[in-house]
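# Coordinates for the following, if possible.
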Amino acid sequence: MSNIDKVRTLTVPTFFLCGRNDRSIPSRHTDRLFAACSAPIKVLHSAEYGGHLDSHEADDLYFDKLKNFIDAAKAESNRQLDAESRESLGMTLAERDQGGDKKSVEALKTHVNRAFLLVLLCTTVYTTLAISRHPRGKRHTTGVSSLPAGLAEATEQLVDYPHMEEQSSGALRNWEFVDDELPLHGHLNRAEPGELAELTEPAMLDKLHA
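Next up is the predicted model:
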């Protein structure tokens, strides 16, 4: 690869130095290399009285120009490093934030699941205790067994009053009343308005026992 092809691929700051009195490498050759160079920062210094390896005049010294070149190259390097660092830092922060968001969501899901399980457990315990304290289908006969035998039996019959009512109503349906045995309200229904004053309680009792 020729020198001109090499400088066309350069991507770093490059400093070109040549002597106008150089008899080994003509200065015009250095000019062509400088023009073809693709470096982001490039500087050319041609020493007016310089030879191939040295310069014979103080004006041909290039130290100040070289120092400025180094400062410019360092500034460009720092700028690129800062840009890369900011980009890398931005990606790092974004990844960290994304990871933090995922951790926050997972932590929230864990808390919700634990709270749901706790509520479900409390509800189950409360329901179990309520069922054990009030069993379904148990008849309330508290105190009946401690009564005397006859009174306890009568109390049991009173508790089962729908059955007694059914027997009583059936017996009344089979009973035939005669005129003297009609209930009190039957006499009141048949009495004339002027006779109501005579239907006092003693008179009714006498009539019923006559």
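
# Show me how the protein divides into domains.
Following automatic domain parsing, the chain resolves into domains at 3-61, 144-175, 179-210.

# Next, the distance between the ends of the first one.
Using C-alpha to C-alpha, to the nearest Å, one end of domain 3-61 lies 25 Å from the other.

# switch to numbering from 472
With the count now opening at 472, the last piece we talked about shows up as domain 474-532.

# what's the model's confidence in it, averaged?
Per-residue pLDDT values across domain 474-532 average out to 85.

# what does the last one give?
For domain 650-681, the mean per-residue pLDDT is 49.

# For the strand or helix carrying residue 475, name the packing helices and strands.
Assigned by DSSP states H and E, residue 475 belongs to helix 474-478. Judged by 3 or more C-beta pairs under 8 Å, 6 or more residues apart in numbering; DSSP states H and E, helix 474-478 is in contact with helix 498-507. (Glycine included, C-beta is placed from N, CA and C.)

# helices and strands around the helix or strand that the helix it packs on is followed by, which ones?
Tracing the chain C-terminally past helix 498-507 and defining elements by DSSP H and E, one meets strand 513-518 next. Counting contacts by 3+ C-beta pairs under 8 Å, 6+ apart, strand 513-518 packs against strand 485-490, helix 498-507, helix 534-604.

# which residues touch strand 513-518?
The contact list for strand 513-518 (C-beta atoms under 8 Å, 6 or more residues apart in numbering) reads 484-491, 498, 501-502, 505, 526, 528, 531, 533, 536-537, 539-540.

# Tell me which residues are up against the helix holding residue 475.
Residues contacting helix 474-478 (C-beta under 8 Å, 6+ apart): 485, 503-504, 507-510.

# again, only this time at 7 Å
503-504, 507-508 (C-beta atoms under 7 Å, 6 or more residues apart in numbering).

# Mind giving me the PyMOL select for the residues you listed, buried ones only?
Applying 16 or more other C-beta atoms under 10 Å to the contacts of helix 474-478, the buried members can be selected in PyMOL as follows:
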select buried, resi 504+508
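
# could the contacts of helix 474-478 be laid out in a markdown table, adding distance to residue 519?
Shown next, in a markdown table, are these (distance: C-beta to C-beta, whole Å):
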| residue | distance to residue 519 |
| --- | --- |
| 503 | 19 |
| 504 | 19 |
| 507 | 23 |
| 508 | 22 |
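
# wait, which of the contacts of helix 474-478 is closest to residue 599?
Proximity of the contacts of helix 474-478 to residue 599 (C-beta to C-beta) peaks at residue 508, which lies at 88.3 Å.

# How much space separates the spatially closest residue to the closest one that is not a sequence neighbour from residue 484?
Among residues not flanking residue 508 along the chain, residue 478 sits closest, at 4.2 Å (C-beta to C-beta, 6 or more residues apart in numbering). Distance from residue 478 to residue 484, counting by C-beta to C-beta, to the nearest Å: 13 Å.

# Noted, bye for now.
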